[in-house]
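**Q** below is the sequence, then the predicted model.
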Amino acid sequence: MSPALTLSRLVLGLLLASAALAPVQAADSLSFNASVVSDYRYRGISQTRLKPAVQGGLDYALDSGFYVGAWGSTIKWVKDVGGDAPAEFDFYAGYKTEIASGLTLDAGLLQYAYPRNQLNPSANTLEGYGALSWGPATLKVSRSFSNLLGFSDSKGSMYYDLSASFDLGGGYSLAPHIGRQTVKRNGAASYTDASITLIKTLDALTLSLGVVDAKTGAYFSPVGNKDLGKRGVVLGAKYVF
């Protein structure tokens, strides 16, 4: 069974389960988002050859704690390595709940899809994740259930993500992050990334200014031989409606 079909069945199962668990008058919510960024960085690595990207998505959250969503972005990296996918689409489903006073658990599945990417192994990746949040801090662990983003024999790769969000007042917040990507059986591709982002919220509009750095010498674009993990400033604007 393909990862995409497995995820589709999971999403359907979550929706059916939540319909059975949630009250009839549950306050479910549907939201959409659209954004532009000066560089799309995924775990510190540029997906757009250090160039801008256009992104958008939708989220459907159930009052019971279950949620599903989809998100997409323009990319360049697949074409740069000989494939043919100008966009990335992510589909996810999960459950979020408070398991103790102030302690929140979030767990789910995430499918990264690169239509017609033509890479071997395929760039398409299925991950599971679990996160614990307490106060401003969140610790999240992700594990790939398939090869990771086209790396051969990389099933079981892990990503460890420690991040936080500090309210500075006046609609400003500061979000530091550090992460560690391990690529199973491809040790040279493993690396550590870090970022710090200043965020300004203006009603439905969110503006961001971040500094991102990935400590790796393994990720270079064949076009211009650009270091895709080099330290850089990333600007973003996101609108939720």
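**A** Arrived safely, thanks for sending. The model shown is predicted, which means the values in this text are computed figures rather than measured ones.

**Q** beta-bridge partners for the nearest residue to Ala131 once chain neighbours are set aside, please?
**A** Once flanking residues are discounted, Ala131 sits nearest to Lys140: 3.7 Å by CB to CB, 6 or more residues apart in numbering. C-beta here means a position set from N, CA and C on the backbone, and glycine is covered the same way. Beta-bridge partners recorded for Lys140 (DSSP bridges): Ala131, Asp161.

**Q** for the protein, just list every one of the helices.
**A** Secondary structure of the chain (DSSP state H): helices at 3-21, 77-80.

**Q** need the longest strand for this structure.
**A** Secondary structure of the chain per DSSP state E: the longest strand is strand 87-100.

**Q** just the buried residues of stretch 219-230, please?
**A** Applying a neighbour-count criterion of 16 or more other CB atoms under 10 Å, one finds 219, 221, 226-230 buried in stretch 219-230.

**Q** distance to Ala204 and pLDDT added to these, as a markdown table?
**A** Shown next, in a markdown table, are those (distance: CB to CB, whole Å; pLDDT from 0 to 100):
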| residue | distance to Ala204 | pLDDT |
| --- | --- | --- |
| Tyr219 | 34 | 96 |
| Ser221 | 34 | 94 |
| Lys226 | 34 | 94 |
| Asp227 | 35 | 97 |
| Leu228 | 32 | 98 |
| Gly229 | 32 | 98 |
| Lys230 | 33 | 97 |
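
**Q** now do the residue nearest the centre of the chain against Asp28, distance only.
**A** For the chain, Tyr42 is the residue whose C-alpha lies nearest the centre (CA atoms, centre = their mean; 7.1 Å). When distance is defined by CB to CB, to the nearest Å, Tyr42 is 29 Å away from Asp28.

**Q** if we can go back for a sec, mean pLDDT lowest for which of the helices of the chain?
**A** Mean pLDDT is lowest for helix 3-21 among the helices of the chain, at a mean of 39.

**Q** thought Ala53 was touching Val36?
**A** Yes. Using CB atoms under 8 Å as the test, Ala53 is close enough to Val36 to be in contact (7.3 Å).

**Q** who has more neighbours out of those two?
**A** Ala53 (22 against 16; other CB atoms under 10 Å).

**Q** find the nearest non-adjacent residue to that one, please.
**A** Tyr40 (3.8 Å).

**Q** contact partners for Met158?
**A** 141-144, 180-182, 184 (CB atoms under 8 Å, 6 or more residues apart in numbering).

**Q** just the buried ones among the residues you listed, please.
**A** Buried among the contacts of Met158 by 16+ other CB under 10 Å: 142-144, 180-182, 184.

**Q** one step back: go through the contacts of Met158 and name the one nearest Ser190.
**A** Using CB to CB, Thr182 is the member of the contacts of Met158 that lies nearest Ser190, at 4.7 Å.

**Q** out of the buried ones among the contacts of Met158, who's nearest Val81?
**A** Nearest to Val81 among the buried ones among the contacts of Met158 is Gln181, at 17.4 Å by CB to CB.

**Q** the closest one pairs with what?
**A** Gln181 forms beta bridges with Tyr159, Tyr191, as assigned by DSSP bridges.

**Q** could you report the pLDDT at Ser29?
**A** Reported pLDDT for Ser29: 96.

**Q** just Thr182 next, same as before
**A** As predicted, Thr182 sits at a pLDDT of 98.

**Q** which residues touch it?
**A** 157-159, 190.

**Q** any of the residues you listed buried? List them.
**A** 157-159.

**Q** out of those, flag the one nearest to Ala123.
**A** Ser157 (13.4 Å).

**Q** that closest one against Ala189, yeah?
**A** No. Between Ser157 and Ala189 no contact is recorded; they are 9.0 Å apart, counting by CB under 8 Å.

**Q** what residues do these two have in common as contacts?
**A** By CB under 8 Å, 6+ apart, the residues touching both Ser157 and Ala189 are 151, 183.
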